[in-house]
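In: Have a look at this prediction, sequence included:
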Amino acid sequence: MGRGAIIFHGTNAQPGWIWYPWLADRLRARGYDVETPHHPGINVEPIATFLPKVLAAHTFSEDMVLVGHSGGAALLLALLEHLDVTVAQAVLVAGYSTNPNPGPEPVLQHSYDWDAIRSHARDLVFLNSMTDEFGCDADQGRAMFDRLGGTLVVRDDGHFTGDTLEIVDRLVP
């Protein structure tokens, strides 16, 4: 089995939007088998019932790279906590571990086993922006980095909704 990657879109998004197809193409060109699933339940369905569906829908392996954006990045925290394998890398773009908004965030767990999350990814990368219109800002990235280590990259790119995301392409091996 070759290298695999899964790109998890954000809340109310689709895999064909923003930079997701661009990154998928870039990774395929480098030999990755890339999945860009559509999970409309991200941050809509409570994580306790949604997470088992996501775990059952995918096969995770030690050579895999997981990329999540916004609600998809928050989903990665729960995924990593509950995986039975250690993936190569997890990249959380505009991620968060506490509610960044006044409304509900069903993708978040009430608490996290940070040691379990850390043990299920050999490399963790957090990409957050100084300002983010949805509150997934540098403070959110710093909170995850402080608990998990890895690499924190802070930009000034809002919620990272452009057509390309060169920094992620450079961070994935």
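Out: Now that the structure is in, tell me what you want to look at.

In: Count the neighbours of Gly16 for me.
Out: Applying other CB atoms under 10 Å, we find 11 other residues in the vicinity of Gly16. (Glycine included, C-beta is placed from N, CA and C.)

In: quick one, phi/psi of it?
Out: Reported as degrees, to the nearest 10, the phi and psi values for Gly16 are phi -90, psi 0.

In: State the distance from it to His159.
Out: Taken as CB to CB, to the nearest Å, the spacing of Gly16 relative to His159 amounts to 18 Å.

In: Excluding chain neighbours, what is closest to Asn128?
Out: Take Asn128 and drop its neighbours on the chain: the residue closest to it by CB to CB, 6 or more residues apart in numbering is Gly141, 3.1 Å away.

In: brain fart, Gly16
Out: Thr36 (7.9 Å).

In: my guess is Gly68 contacts Val87, does it?
Out: No. Checked against CB atoms under 8 Å, the pair Gly68 and Val87 is beyond contact range at 12.0 Å.

In: Find me the pLDDT at Gly2, would you?
Out: In the prediction, the pLDDT value recorded for Gly2 is 69.

In: any low-confidence regions in the protein?
Out: Along the chain, segments meeting pLDDT under 70 span 1-2.

In: Going by residue numbers, what spans are helices in it?
Out: Defined through DSSP state H, the helices belonging to the chain, from first to last, are 20-29, 47-57, 71-82, 114-119, 138-148, 166-171.

In: quick one, the first one and helix 71-82 angle?
Out: Relative orientation of helix 20-29 and helix 71-82, computed by axes from the mean of the first three to the mean of the last three CA atoms, to 10 degrees: 50 degrees.
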